[in-house]
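just the structure for this:
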Amino acid sequence: MAKEQRLYDELYSSDAWIEEHDKVQKQQRQDGCKLERVIAGMMFWSDATHLAQFGHATAWPVYLFFGNLSKYRRASPNTGPCHPVAFIPSLPDSLARFIAGFSKNKNHADLLAHCKRELIHAIWRILLDDDFINAYKDGMVIKCYDGITRRVYPRIFTYSADYPEKIILATIRDKGICACPRCLIPKSSFGRLGCLSDMSARLTKARIYLQSKINDARRAIYQLGMPVKGTAVEQILKDTSSVPTLNTFAERLSPFGFQLFPIFVVDLLHEFELGVLKSVLQHLIRILYAINSGLVTTLNERFSKIPSFGLNAIRRFPPNVAEMRQRAARHFEDMLQATRLDQALRQLAAQIRKFQRVTCAAFQTRETPNEAATRQRKQARAASGGRQAQSSATQGGMQPKSFNTLTYKFHALGDYARTIRLFGTTDSYTTQVGELAHRLIKKFYCHTNKKDVSLGITKQERRLTRIRRQLEAQGQTLTDSDLSPSDTELLPELHHVMAVRSGPSINLVKLLGDHQGDPAVKNFIPKLKDHLLSRLHGHEYDGDEHTFDDTERNNLRFINNLNVVYESRIFRVNYTSYDIRRDQDVLRPGHGCTVMTLSREDDPAAHPFWYAHVLRALHIDILHVGPHARHRSPQTMEVLWVRWLGVEPNYRWGFQEARLPKVGFVPESDEDAFGFLDPSLVIRGCHLIPSFVDGRTGDLLRHGLSLGRQPDEVDDWGSFYVNIFADRDMFCRFAGIGVGHEIQYPKKLASGLDGEADTTNEDSESEDIGVQPSQSEVDCNSDSDSELADELGSSVDDSEDEMGVGGDTSEDEDGFDLRF
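Residues are numbered from 1 along each chain as shown. A predicted model of the protein is given here:
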């Protein structure tokens with residue numbers, strides 16, 4: 001019997017939802033209502049955005065999504081899951097002028113920030129009115145879509161926002177002593193991420209709402225006339241980084257057991273991709289400048305040569321990656337794409353601390369040219385605004401710049417595991433969902449009069465909602481007869497789609513004749529016939545094509561003698577993803593199109609997949625005759641003409657070796673360097689990254705133009721790395737995990753990809769791998785911490801696992817092993 005596992009996925013199957021559902025069921029009612037009780041899971045997003053590419057029009061919408069819907073539908077703004085419930089206005093200019101008339105410059109910004117917090121929470125007091133509170137307490141009787149009447153209890157589970165908005169909603173100070181909205185760990189201890197003492201402190205020092213202190217501070221301000229950040233107020237609030245603003249969520253919902261601070265969930269988009277990941281990459285670029293500025297040019301050149309992959313997985317990189325100018329989050333995710341969360345967190349934290357203490361300390365890094373230019377522009381704006389600019393010596397040149405881990409974004413990494421267990425996976429509540437919702441708001445803005453923006457957008461949204469509800473009420477559904485060719489290509493039940501007759505026809509005989517002597521077309525016709533006959537006879541594919549004699553080959557006849565052969569320019573592969581959903585890869589044969597299929601090797605240590613570069617996707621019209629023919633009518637067979645890649649011999653890869661799989665083209669001297677593949681055997685597309693250190697070579701295929709290369713290439717990359725981090729599904733395939741992949745793995749994946757460490761260093765004195773701890777980190781492995789391990793669901797020994805970088809790196813001069 002298979003081992004039972006707990007899957008974390010949707011909000012409606014999370015621990016928080018189950019706990020709240022149980023509370024609702026146990027709630028005592030005085031009216032004797034017997035209706036079924038259910039939860040309406042409320043998930044809020046808010047984010048200020050520019051409405052136009054030019055101009056200053058902005059909006060600050062608050063979006064409501066319901067966690068009862070699947071996260072996949074919530075992430076699709078066109079399906080109508082998003083409900084804009086409010087637009088937060090800006091403070092009027094008259095207020096700023098009024099404050100400037102009587103306050104000092106020092107107090108001016110503090111007063112404006114206080115007014116902004118008060119405004120936002122006043123708006124939430126309107127939203128969380130008495131009607132909402134009554135519904136929160138007693139529920140609402142609603143006739144649901146299935147016709148059943150239920151009592152529905154609204155519950156707020158998550159609020160997603162970037163850090164500046166999060167601190168306003170949590171009513172804490174920006175970058176204060178305790179900068180985290182979820183706990184009271186001081187900022188000076190943020191560098192202890194991953195230590196057991198840090199994991200314990202997140203529980204024991206969880207932030208609570210200090211209503212009495214806030215009331216005392218407000219009394220000092222409004223009754224005694226103290227400054228917002230005066231000494232009296234600071235003595236009350238500074239140690240917890242609180243602010244003198246009453247939190248509407250806590251004031252209105254706390255009497256019903258509502259916990260305020262856990263709803264401010266982690267933000268993968270801003271806190272990791274645009275936070276920790278960006279800062280690491282940025283400092284690596286500073287190190288390149290410190291070593292040799294010419295290396296930055298090499299970096300840009302190499303990124304420009306990395307191909308794109310998928311529709312949204314990895315896009316073409318901008319021309320100057322090192323500048324990091326106007327980079328979206330996807331660019332940083334693509335530049336460094338990354339189960340057991342607690343162990344992974346400790347290893348990541350240890351490696352980042354080692355990077356800071358060893359690597360960063362070895363270089364005197366300074367600002368990049370782009371950072372220096374940005375700083376100088378800010379100084380120039382400050383000088384023009386009446387402030388004195390810094391000295392020219394400071395403006396000119398590049399100032400020293402170090403790598404900093406004492407930031408909230410680095411600290412927030414420690415909350416991911418607990419948040420996922422509590423609310424489900426991060427794609428349920430990432431701020432990227434709110435960013436996608438902005439598209440609809442910006443579309444509405446184009447149809448307004450550009451004056452009263454909030455009112456105009458609200459009218460457009462209400463109009464669209466009414467139209468959508470009218471269409472849904474008609475109950476019209478799309479039938480198979482209504483499908484267009486483009487719709488057929490998206491049918492998930494198909495394994496693949498090679499559009500018939502969609503591409504141009506080619507004279508294959510002429511093409512082969514024009515390239516005589518090209519190794520790519522050597523024995524083309526016999527290989528093609530052997531491949532087609534193997535499929536027609538039902539031979540199971542094992543990597544070696546069954547060889548037929550001339551008589552059997554003559555029984556397979558090509559209609560039109562291959563003078564008219566259609567090829568597909570687009571090859572679509574549908575596959576079941578790790579989370580049991582159907583997804584699709586859209587590939588262009590001949591344009592960096594690489595596919596992967598399951599390995600047919602029996603060796604337990606064999607690589608789990610085979611790889612092939614698709615040269616063309618062909619539709620071959622054939623007629624099979626003879627005594628063994630099963631179907632004697634003309635038929636069309638789909639064929640992929642491929643150039644095979646093999647794994648590099650004696651190369652170790654995997655998590656323990658900290659290496660990606662490495663492959664290369666099979667040398668032309670191998671009879672199986674080129675061949676054919678049944679499209680139905682393709683698992684999905686694959687992303688290959690050139691191994692730039694190995695350079696390009698003409699040894700694998702003779703130097704010059706060839707049908708086995710791109711039209712403008714005369715040689716090949718020596719080898720490639722298989723990007724196992726191209727997307728989540730790809731990672732799960734190589735890790736051997738994922739519910740949707742279980743059937744594909746008859747044997748255990750090699751190279752330690754099952755997440756278990758091969759060796760455990762129980763005598764190590766540091767969580768950092770291979771280095772001794774600094775004095776400030778000694779308690780990461782203290783004896784008292786071991787008592788906490790069971791409570792936190794982790795093991796001290798697990799944190800000591802080493803991620804070795806060793807392994808046999810010897811290469812075989814004869815090329816790559818096809819392993820057929």
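
what lines up beside the biggest strand by length in the chain in the sheet?
Of all the segments assigned as strand in the chain under DSSP state E, the longest by residue count is strand 609-624. Neighbouring strands of strand 609-624 in its sheet, by DSSP bridges, are strand 556-558 (antiparallel), strand 565-567 (antiparallel), strand 594-598 (antiparallel), strand 635-647 (antiparallel).

possible to save those strands as JSON lines with distance to residue 165, mean pLDDT and mean neighbour count?
The way it works is simple: take the backbone N, C-alpha and C, and place the C-beta from them, glycine included. Formatted as JSON lines, those follow (distance: least, C-beta to C-beta, whole Å; pLDDT from 0 to 100; neighbours: other C-beta atoms under 10 Å):
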{"stretch": "strand 556-558", "distance to residue 165": "65", "mean pLDDT": "91", "mean neighbour count": "18"}
{"stretch": "strand 565-567", "distance to residue 165": "52", "mean pLDDT": "90", "mean neighbour count": "20"}
{"stretch": "strand 594-598", "distance to residue 165": "42", "mean pLDDT": "94", "mean neighbour count": "20"}
{"stretch": "strand 635-647", "distance to residue 165": "48", "mean pLDDT": "94", "mean neighbour count": "21"}
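
tabulate those in a markdown table, adding columns for distance to residue 245.
Putting the strands paired with strand 609-624 into a markdown table (distance: least, C-beta to C-beta, whole Å) gives the following:
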| stretch | distance to residue 245 |
| --- | --- |
| strand 556-558 | 79 |
| strand 565-567 | 66 |
| strand 594-598 | 55 |
| strand 635-647 | 60 |
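
of those strands, give the one that comes closest to residue 26.
strand 594-598 (49.8 Å; C-beta to C-beta).

now the closest one: how far from the chain's centre is it?
Put simply, strand 594-598 sits 23 Å off its chain's centre (C-alpha atoms, centre = their mean, to the nearest Å).

equivalent analysis for stretch 669-684, please.
Taking C-alpha atoms, centre = their mean, one finds stretch 669-684 lying 31 Å from the centre of the chain it belongs to.

so which bits of it are buried?
670, 673, 674, 675, 676, 677, 678, 679, 681, 682, 683, 684 (16 or more other C-beta atoms under 10 Å).

out of the strands paired with strand 609-624, which gets nearest to residue 208?
strand 594-598 (51.0 Å).

what sits up against the closest one?
Contacts with strand 594-598, where a contact means C-beta atoms under 8 Å, 6 or more residues apart in numbering, come from 573, 587, 608-614, 640, 642, 645, 677, 681-688, 744.

sorry, back to before: which ones among the buried residues of stretch 669-684 map onto helices?
Among the buried residues of stretch 669-684, DSSP state H puts none in helices.

between those, which sits nearest residue 78?
Using C-beta to C-beta, the buried residues of stretch 669-684 come closest to residue 78 at residue 684, 25.4 Å.

pretty sure the closest one contacts residue 576?
No. Residue 684 is beyond contact range of residue 576, at 9.7 Å (criterion: C-beta atoms under 8 Å).

returning to that earlier point: just give me the closest of the buried residues of stretch 669-684 to residue 711.
Nearest member of the buried residues of stretch 669-684 to residue 711, counting by C-beta to C-beta, is residue 674, at 17.1 Å.

which ones are touching that closest one?
Neighbouring residues of residue 674 by C-beta under 8 Å, 6+ apart: 519, 520, 521, 522, 527, 615, 641, 642, 643, 644, 708.

the fifth one: what's it in contact with?
It refers to residue 527. Applying C-beta under 8 Å, 6+ apart to residue 527 gives the contacts 545, 674, 675, 676.

10 Å - rerun?
Listed by C-beta atoms under 10 Å, 6 or more residues apart in numbering, the contact set of residue 527 reads 521, 545, 547, 641, 671, 672, 674, 675, 676.

ok so it is a helix residue?
Yes. Membership of residue 527 in a helix is supported by DSSP: H, G, I helix; E, B strand; the rest coil.
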